[in-house]
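Q: Quick one: sequence plus predicted model below, questions after.
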Amino acid sequence: MSFRIRGPNASSGMRVADDSKNTFLELKKKKVYRYVIFKIDEKKNEVVVEKTGGPAENYDDFAESLPENDCRYAVYDFDFVTSENCQKSKIFFIAWSPAISRIRAKMLYATSKNSFKRALDGVHYEIQATDPTEMDLEVIRDRAR
């Protein structure tokens, strides 16, 4: 009997598109984006960039960009000022899995999450959200401190 392992994401077989990694690096290092929303392209069997938000966009713009009935991965670059008056930035990985999304989508995103997140080197915090209240701005602020 033989077993075939399908690369680094063997648990789901999901690849991470080079564009997804490069877009994340542009958010992290160059601050080109405020956020990036990723989706799983089932035909290509890979995680691809669905949408980006420019540096001037805010958290509400980001939250409104997530579909209300389908799963997504997202990264958000949260800027804040510490109690010592220092400007800081933390990158949040958000696994968005609304309660009303399809079971198949929930399973696919859940089984691919860890391998995808590992490909994004530099994420500070992770949030798993099934409705908007689990990832509202206050949750982000509390986690960043």
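A: Thanks, I have the structure now.
Q: tell me which element residue 48 is part of?
A: Residue 48 belongs to strand 46-53 when assigned by DSSP states H and E.
Q: Direction included, what does that strand pair against?
A: strand 15-16 (parallel), strand 35-41 (antiparallel) (DSSP bridges).
Q: Between those strands, which has the poorest mean confidence score?
A: Least confident of the strands paired with strand 46-53, judged by mean pLDDT, is strand 15-16 with a mean of 94.
Q: So what's the gap between it and the chain middle?
A: Put simply, strand 15-16 sits 14 Å off its chain's centre (C-alpha atoms, centre = their mean, to the nearest Å).
Q: what's the answer for stretch 61-75, then?
A: Distance, centroid of stretch 61-75 to centroid of chain: 9 Å (C-alpha atoms, centre = their mean).
Q: now what about that stretch, what contacts it?
A: Outside of stretch 61-75, the residues within contact range by C-beta atoms under 8 Å, 6 or more residues apart in numbering are 24, 27, 34-40, 47, 50-51, 53, 76, 91-98, 100-102, 105-106, 108-109, 113, 116-117, 120, 123, 132, 135-136. Glycine gets a C-beta too; all of them are placed from N, C-alpha and C.
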